[in-house]
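*Asks:* My questions concern the predicted model and sequence given below.
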Amino acid sequence: MVRRRLHRSRIRRLKELLWPSRGWRRTLRYLVHRIRRLPDSPYSIAAGFACGAAVSVTPFIGFHFAAGALLAWAIRGNVIASAIGALIGNPWTFPIIFLWTYQLGTRMLGVAGAETLPEEMSLSYVLAHPWRMLVPMAVGSLPTAAVTWGASFWVVRLAVIRYRRARRRRLQARPGRRRPPLAPESGR
């Protein structure tokens with residue numbers, strides 16, 4: 001009943017994933033709007049988003065959505081918010097995230113990065129020697145994920161609480177439609 005009339009090809013869907021046809025600003029505004037309107041407590045929404053964001057800085061591409069959802073479920077976070085939070089890791093941000101986590105991991109392990117990697121990095125080298133890059137990136141992603149979780153949790157929680165307060169005021173201020181006051185937000 002509610003479907004597209006013209007189905008998009010796989011190439012078109014991939015292109016939309018890398019560069020939305022309606023623009024990044026509109027896409028980001030839509031995602032922020034979706035997070036704010038999720039029907040759950042501010043804690044649950046913020047914890048879910050933070051789980052997805054924290055998992056997205058790990059080098060385990062392909063498992064971000066599942067790991068974020070599992071972690072969010074374990075701490076009673078919103079699973080949908082975790083999927084939105086996992087979008088922080090995307091083809092545009094992965095190079096920056098991976099470079100940061102690799103360099104941090106090599107410092108934490110006490111290994112000089114220039115000594116372990118060739119001067120010209122290629123996909124064949126990465127596939128032939130996955131542990132030379134994966135271990136430092138995994139180690140470097142742990143503190144990065146912890147900082148990402150904390151920062152995104154408090155930012156999203158505060159944004160949801162403020163949005164709900166403003167929305168409650170707007171609904172109560174509508175002329176002709178007096179509604180009983182809404183229950184206060186549980187700050188949990």
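*Replies:* Received the coordinates, thanks.

*Asks:* separation between H33 and V160?
*Replies:* Going from H33 to V160 by Cβ to Cβ, to the nearest Å gives 12 Å. Every residue, glycine included, has its C-beta placed from N, CA and C.

*Asks:* mind checking which helix or strand of the protein has the lowest mean pLDDT?
*Replies:* Least confident helix or strand of the chain, by mean pLDDT, DSSP states H and E, is helix 113-116 with a mean of 52.

*Asks:* Past that one, which element shows up next along the chain?
*Replies:* helix 123-128 (DSSP states H and E).

*Asks:* which helix of the protein spans the most residues?
*Replies:* Counting residues, the longest helix found in the chain (DSSP state H) is helix 130-172.

*Asks:* More neighbours: which of H33 and V160?
*Replies:* Using other Cβ atoms under 10 Å, the more surrounded residue of H33 and V160 is V160, with 24 against 10.

*Asks:* surely that one meets R37?
*Replies:* No: contact status for V160 versus R37: not in contact, 9.3 Å apart, counting by Cβ atoms under 8 Å.

*Asks:* Need phi/psi at R22.
*Replies:* Note on R22: its backbone torsions stand at phi -90, psi 0 [degrees, to the nearest 10].
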